[in-house]
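> fold the stuff below for me.
(chains A and B)
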Number of protein chains: 2
Amino acid sequence: MRKVFQAELHQVGEELIQIATLVREALARAKDALLDADIQLAEEVISNDARIDFLQNDLDERSIDILALQSPVASDLRMIVGALRMSASLERAGDLARHLAQAVRLRYPDPVIPEPLVETFTRMFDLDLQIVDRVIQVLQTRDLSLADDIYALKGEVNALHQSVFDALAAPTWDCSVPTAVDVTLCSRYLERIGDHGVSVTRKVSYLVTGDWVPASSDRPTGHGHVGRDGGE
Amino acid sequence: MRKVFQAELHQVGEELIQIATLVREALARAKDALLDADIQLAEEVISNDARIDFLQNDLDERSIDILALQSPVASDLRMIVGALRMSASLERAGDLARHLAQAVRLRYPDPVIPEPLVETFTRMFDLDLQIVDRVIQVLQTRDLSLADDIYALKGEVNALHQSVFDALAAPTWDCSVPTAVDVTLCSRYLERIGDHGVSVTRKVSYLVTGDWVPASSDRPTGHGHVGRDGGE
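Below is the predicted model of the structure:
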């Protein structure tokens, strides 16, 4: 019985990694779709999101079955509850990658991100991809030495998110209002994807150490209503 | 034992209602803060958010204790897992009300929402407040006849969210870019608050009927990356 249970727990962990890997793939494709106005790639991201939703649902049902049939306690119980939460966070990150792809579809064949901000968005995508890479490693190895890296990368995402608003407001740039709307939403999506990476990391950290890292540590001070989520 | 267990389940339900009530209060205050540039109210919303976070944490710990000590199965198990998810959704809605208040603080003493959009935002707030009122009723009574109301109200929020972008893009209005950024984010927050209301309603509906309402039913067709969350 115990052996079956451990195999089931392992399976839940594997499925989390699988979902995170699909999120990584969606994000990489959303990056190219957004920066190259590639409608084909955008459509792929949009249609593949259903797979992430399916896997999340599957993982959740599996977790509930484990709770019902095995009645785990202590750290095993927290691991299952943690998996339910992490899957929700990863699924949302997948939704946000889909939103980025939907912005491409909405504006095609025009680019969503104007030339002066392409470098900033490239960097934000790369940081989010690095965050998701490390989240996958943390899920695989539970090596928490990566956690500080992830929080630092999120700090860089926050700074770039803020810099996007500063660039939009700069008197030297006559940005159109619809462009400002698109840029604002896309920057927000990228910032939230980073938040979900941090959120999953905190949950693994809590499972391993029992200590909860307060969400306030990565809260920026600039644009007050920006980047202060940290949570789900 | 069974009696104690039912009392504990009831307590979890009560705490969910308590959190939803605090979210309602935060949203009502955020409305007045945003539309009257009332910094005092904004500060209240920001500082009171810690109370919602605390209650969510408390509810989660209580739920995990119930899982560990009572090993519920079937509908009781789903009720506890559902409560964990609903508390996460409500906590996020509270965060979004805080973001609205933070926008007030950032721009004070200037108003965040320009005059031509005040009526639209008033209406969006009122719709979200109606959604949260009905969510509280659903949590209290499990009366699912309210669910369609809630989905319809969310449809109206989506339409207004879309109309905000149309207004911003109208050639007749020379809106500044920083204003467009603020308006975009605030509209997005209000749209997401509605999503969380829908999400909690779907979870209650699922607990009561066992049928899952697909998230696609309230997806708008306009601005592709707008209002398509529906989930967490």
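
> count of neighbours near A:N57?
13 (other CB atoms under 10 Å in any protein chain shown). To be clear about C-beta, it is placed using only N, CA and C from the backbone, and glycine gets the same treatment.

> other SSEs contacting the helix or strand hosting it?
Secondary structure from DSSP states H and E places A:N57 in helix A:39-70. When contacts are defined as 3 or more CB pairs under 8 Å, 6 or more residues apart in numbering or on different chains; DSSP states H and E, helix A:39-70 sits against helix A:2-36, helix A:74-107, helix B:74-107.

> tabulate those (a markdown table), appending mean neighbour count.
Below are the helices and strands packed on helix A:39-70 laid out as a markdown table (neighbours: other CB atoms under 10 Å in any protein chain shown):
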| stretch | mean neighbour count |
| --- | --- |
| helix A:2-36 | 18 |
| helix A:74-107 | 23 |
| helix B:74-107 | 23 |
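
> take these and write them to JSON lines, including mean pLDDT.
Converted to JSON lines, those look like this (pLDDT from 0 to 100):
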{"stretch": "helix A:2-36", "mean pLDDT": "95"}
{"stretch": "helix A:74-107", "mean pLDDT": "96"}
{"stretch": "helix B:74-107", "mean pLDDT": "96"}
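
> can you list these in CSV and add distance to B:E8?
What follows is the helices and strands packed on helix A:39-70, written out as CSV (distance: least, CB to CB, whole Å):
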stretch, distance to B:E8
helix A:2-36, 25
helix A:74-107, 16
helix B:74-107, 9
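
> let me know which of these is the nearest to B:I46.
helix B:74-107 (5.0 Å; CB to CB).

> name the next helix or strand downstream of that closest one, please.
For helix B:74-107, the following helix or strand on the C-terminal side (DSSP H and E) is helix B:115-141.

> so, in contact with chain A or not, the helix or strand just after that next one?
For helix B:115-141, the following helix or strand on the C-terminal side (DSSP H and E) is helix B:147-169. Yes: judged by CB under 8 Å from any CB of the partner chain, helix B:147-169 comes into contact with chain A at B:F165, B:L168, B:A169.

> just name the closest of the residues you listed to A:L34, please.
Using CB to CB, B:F165 comes nearest to A:L34 of the residues of helix B:147-169 next to chain A, at 18.3 Å.

> right, so of the helices and strands packed on helix A:39-70, which gets closest to B:Y206?
Nearest of the helices and strands packed on helix A:39-70 (CB to CB): helix B:74-107, 7.2 Å.

> ok and that closest one relative to helix A:74-107, angle-wise?
Helix B:74-107 runs at 60 degrees relative to helix A:74-107, counting by axes from the mean of the first three to the mean of the last three CA atoms, to 10 degrees.

> what's helix B:74-107 packed up against?
When contacts are defined as 3+ CB pairs under 8 Å, 6+ apart, helix B:74-107 packs onto helix A:39-70, helix A:74-107, helix B:2-36, helix B:39-70, helix B:177-209.

> what's the closest non-adjacent residue to A:R142?
Setting aside the residues directly before and after it, A:R142 is nearest to A:V208 in space (CB to CB, 6 or more residues apart in numbering or on different chains), at 5.5 Å.

> that older thread, any idea which of the helices and strands packed on helix A:39-70 gets closest to A:V204?
Distance to A:V204, taken as CB to CB, is lowest for helix A:74-107 among those, at 7.5 Å.
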